[in-house]
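Enquirer: Please find the sequence and the predicted model below.
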Amino acid sequence: MAQLLMRRPHLRDLPTVPPLPAGYRIREYVAPDDLPALNATLQEAFAEPWDESRTRRELLDVPGVKAIYVIDHAGQVVGTTSSKIVPDLFPGSGYVH
């Protein structure tokens, strides 16, 4: 599967992030409270099975994952992103997943 790769030489002068729609907020992942909703979000996003062991193996227990964030709406996780270091693929760069 092809991936879109965008590179930015620095993090200076980043644009202001617009506010999220009413009722939505971005926050850090909270273990273990968010785990069931995170699994469900990943399964829906990727249309393949995500259970606790896969989420731990591919996201939570990965040394290169520096931060995990969730988008919640009225207390329900509806999206996720993470920042990751993958030096073999992206030397000297971070990766947003």
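Expert: Everything's here; your move.
Enquirer: Next one: residue 30 from residue 37, what distance?
Expert: Residue 30 is 10 Å from residue 37, where distance means Cβ to Cβ, to the nearest Å. Placement of C-beta: from N, CA and C, glycine included.
Enquirer: How about residue 56?
Expert: Computed with Cβ to Cβ, the distance linking residue 56 and residue 37 is 15 Å.
Enquirer: Then residue 80?
Expert: 9 Å.
Enquirer: neighbour count winner among those two?
Expert: Ranked by neighbour count (other Cβ atoms under 10 Å), residue 80 and residue 37 place residue 80 first, with 20 against 17.
Enquirer: in the sheet, who's paired with the more buried one?
Expert: With DSSP bridges as the criterion, residue 80 is bridged to residue 70.
Enquirer: Kindly report the same for the one 4 residues further on.
Expert: Listed by DSSP bridges, the beta-bridge partners for residue 84 are residue 65, residue 95.
Enquirer: thinking it is in contact with residue 68, fair?
Expert: No. Under the criterion of Cβ atoms under 8 Å, residue 84 is not in contact with residue 68, lying 9.5 Å apart.
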